[in-house]
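*Asks:* just need the structure, nothing else, for what follows:
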Amino acid sequence: MDDRTQNMKMAHIEQRVAVFTNWAFFGTFGFCLAQSGFAESDLVAGLAGFVIFLIGFAAHLIINKIFDSHFTNGEIALALILYGLSMIAFVASWLFDPNFTKVNLIIGLSGFTAILLSFIATLFIKFGIRESYLMVHRVRKY
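*Replies:* Okay, here's the model as predicted:
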């Protein structure tokens, strides 16, 4: 194996370790604070958890920029699955938990909306509005 290939492999491994470390740190603290916010109906803790998730997302973008890479298909799939399952759990709690408070509703709606808007903003910044639209819709010629 030549030096260039070896360097590319090492850079890829370093990037993966940086991403893993980033989410191990920010994901853990963000989840704990968000969970505490929901469990105790504490608006500050709940929103702080979602802010930490957003900081983790921004750090992931910075890591990708440093290593000149993009989100992998696996990362995108994992993010969409976790977001979807979290939304389903939130809606189920809202509908079926008699102790679900207005504060919990504010935490959930604010946090999930902020995550969705940051994802959309990232697409618009990276690809532009037209290219982002064309990712999900084909322009039909009649």
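
*Asks:* from here on, just use CA atoms for contacts and neighbour counts.
*Replies:* OK.

*Asks:* so which bits of the longest helix seen in the chain are buried?
*Replies:* Identified as the longest helix of the chain according to DSSP state H is helix 3-40. Buried residues in helix 3-40, counted by 16 or more other Cα atoms under 10 Å: 15, 18-19, 22-23, 26-27, 29-38.

*Asks:* C32: what's it in contact with?
*Replies:* C32 makes contact with G49, according to Cα atoms under 8 Å, 6 or more residues apart in numbering.

*Asks:* low-confidence ranges in the protein?
*Replies:* Residue ranges of the chain with pLDDT under 70: 1, 138-142.

*Asks:* helices along this protein, start to end?
*Replies:* Going by DSSP H, the chain shows helices at 3-40, 43-66, 73-96, 102-136.

*Asks:* burial check on the nearest residue in space to M87 that is not next to it in sequence, number of neighbours?
*Replies:* Spatial nearest neighbour of M87, excluding adjacent residues (Cα to Cα, 6 or more residues apart in numbering): F112 at 7.7 Å. Residues lying near F112 (other Cα atoms under 10 Å) number 16.

*Asks:* tell me how far F112 lies from L85.
*Replies:* F112 is 12 Å from L85, where distance means Cα to Cα, to the nearest Å.
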